[in-house]
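J.: show me the folded form of this:
(one chain, ligands or ions: 2)
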Amino acid sequence: ATPLSVMVGTGKGAQAGILIRSAEALETAHKLDTVVLDKTGTVTAGKPVLTDVHPVGFDETALLRLVAGAEADSEHPLAQAIVTGVRDRGVQPHAATSFDSVTGKGVQATVSGHAVLVGTARLLGDVGIDTVTLTPVAAALSAEGKTPVLVAVDGRAVGVLAVADTVKEDSAAAIATLQRLGIDVVMLTGDNARTAAAIAAQVGIARVLAEVLPEHKADEIRRLQAEGRTVGMVGDGINDAPALAAADVGLAIGTGTDVAIEAADITLISGSLGGVVTAIRLSRATMRNIR
Ligand code: ADP
Ligand code: MG
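T.: Ligands and ions are numbered 1, 2, ... in the order given. A predicted model of the protein is given here:
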């Protein structure tokens with residue numbers, strides 16, 4: 001595109017709340033045939049709420065004290081939802097004496113002298129804890145689109161919590177428009193496959209890549225590119241940054257983390273997925289003007 005048409009396109013983008021960092025991004029966006037969407041904070045609002053508590057052979061209050069203690073030092077949005085939810089239920093957390101976060105899986109902590117694990121089935125399975133007693137509860141919760149959070153205390157599976165996030169108001173409409181423009185829409189998430197599938201169904205996405213660890217998100221983008229696709233990636237989190245950088249066009253949710261915005265070519269200030277449609281239309285218009 002000519003410098004003038006790029007300037008016009010970039011200016012129109014800015015007016016629509018779409019910050020385009022380079023001429024190259026504006027020029028490439030019209031070629032996208034695949035758009036990959038992070039789930040949490042991108043398709044959904046990213047404001048999870050603790051919805052369910054299912055102790056299994058364990059006192060509920062004792063369970064909540066240990067879980068909130070384990071999650072207190074985690075910066076993950078799920079952890080904050082859990083700590084807030086426990087306090088809202090009038091339960092005071094116990095303090096943790098040791099704490100480690102396990103990326104993409106959960107947390108591991110010592111609380112009141114107990115070894116506490118809070119996170120995915122894989123987190124517990126990795127250390128040989130049998131989670132079979134929790135599986136039916138976790139499956140029912142994830143079928144509702146909630147994220148099950150499994151809890152083990154001293155090597156024993158003792159309960160499941162659920163955290164739910166709501167789909168952003170205009171996500172489904174924006175995804176339908178992208179599909180009408182001939183673009184394949186794919187969901188990419190670290191969350192479990194059942195939860196991801198339930199959310200994907202709510203917004204009309206057929207292809208879901210779930211249980212992808214943060215360090216593997218960029219690999220999934222490169223795999224799609226290896227199929228000959230031109231790939232846009234939309235994300236908000238620190239864990240999306242490598243995938244945003246790997247994509248042909250990275251689009252950051254403006255309400256997301258600075259790390260994601262830094263890694264992206266385009267920032268959608270309002271955070272709504274409608275911005276992805278606008279960016280692609282702008283690019284198509286810009287490229288038409290030069291031919
Ligand atoms: P996403 O791609 O959805 O942003 P992450 O890669 O950050 O997810 O985490 C993947 C999954 O690991 C989460 O869906 C959750 O089940 C689990 N998890 C991660 N951190 C925590 C935590 N602090 N507490 C409980 N579960 C966690
Ligand atoms: Mg996210």
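J.: how about the residues of the stretch 101-250 of the chain near ligand 2?
T.: Residues of the stretch 101-250 of the chain that fall close to ligand 2, judged by CB under 5 Å from the ion: 236-237. C-beta coordinates here come from the backbone N, C-alpha and C atoms, glycine included.
J.: can you give me the strands for the stretch 101-250 of the chain?
T.: Along the stretch 101-250 of the chain, counting by DSSP state E, counting those that start in this stretch, strands occupy 106-111, 114-119, 147-153, 156-164, 184-188, 207-209, 231-235, 249-253.
J.: could I get those in TSV, plus columns for distance to T40, mean neighbour count and mean pLDDT?
T.: As requested, the strands of the stretch 101-250 of the chain are exported to TSV (distance: least, CB to CB, whole Å; neighbours: other CB atoms under 10 Å; pLDDT from 0 to 100):
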stretch	distance to T40	mean neighbour count	mean pLDDT
strand 106-111	14	22	98
strand 114-119	14	24	98
strand 147-153	8	25	98
strand 156-164	10	23	98
strand 184-188	10	22	98
strand 207-209	13	17	98
strand 231-235	9	30	98
strand 249-253	11	29	98
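J.: of all these, which lies closest to I280?
T.: With CB to CB as the measure, strand 231-235 is the member of these nearest I280 (7.8 Å).
J.: next, see if that closest one gets close to ligand 1.
T.: No: Strand 231-235 lies out of reach of ligand 1 by CB under 6 Å from any ligand atom, never closer than 8.6 Å.
J.: for that strand, packing partners?
T.: Judged by 3 or more CB pairs under 8 Å, 6 or more residues apart in numbering; DSSP states H and E, strand 231-235 is in contact with strand 34-38, helix 217-226, helix 241-246, strand 249-253, helix 274-290.
J.: in JSON lines: these, plus distance to ligand 1.
T.: Putting the helices and strands packed on strand 231-235 into JSON lines (distance: least, CB to the nearest ligand atom, whole Å) gives the following:
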{"stretch": "strand 34-38", "distance to ligand 1": "6"}
{"stretch": "helix 217-226", "distance to ligand 1": "8"}
{"stretch": "helix 241-246", "distance to ligand 1": "10"}
{"stretch": "strand 249-253", "distance to ligand 1": "12"}
{"stretch": "helix 274-290", "distance to ligand 1": "18"}
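J.: deepest-packed of these, please.
T.: Comparing the helices and strands packed on strand 231-235 by mean neighbour count (mean count of other CB atoms under 10 Å), strand 249-253 ranks first with a mean of 29.
J.: any residue of the very next helix or strand once past that strand touching ligand 1?
T.: Using DSSP states H and E, the next helix or strand after strand 249-253 towards the C-terminus is helix 258-263. No: legend: contact between helix 258-263 and ligand 1 by CB under 6 Å from any ligand atom is lacking; minimum distance shown is 10.9 Å.
J.: what residues does helix 258-263 touch?
T.: Helix 258-263 is contacted by residues 235-238, 240-242, 244-245, 250, 252-254, 267 when judged by CB atoms under 8 Å, 6 or more residues apart in numbering.
J.: and it, is it in reach of ligand 2?
T.: No: residues of helix 258-263 are not located near ligand 2 by CB under 5 Å from the ion, the shortest gap being 8.2 Å.
J.: list the buried residues of that helix.
T.: 259-261, 263 (16 or more other CB atoms under 10 Å).
J.: looking at those, which is nearest V167?
T.: Checking these against V167 with CB to CB, the nearest one is A260 at 19.6 Å.
J.: quick one: that closest one and ligand 1, what's the gap?
T.: As judged by CB to the nearest ligand atom, to the nearest Å, A260 and ligand 1 stand 11 Å apart.
J.: P148 too?
T.: 7 Å.
J.: which residues touch that residue?
T.: 121, 134, 137-138, 141-142, 160-162, 192, 195.
J.: ok, V35 next?
T.: By CB under 8 Å, 6+ apart, the residues touching V35 are 178, 183-186, 231-234, 276.
J.: spatially nearest residue to it (excluding sequence neighbours)?
T.: In space, V35 comes closest to G232 once its chain neighbours are excluded; the distance is 4.5 Å by CB to CB, 6 or more residues apart in numbering.
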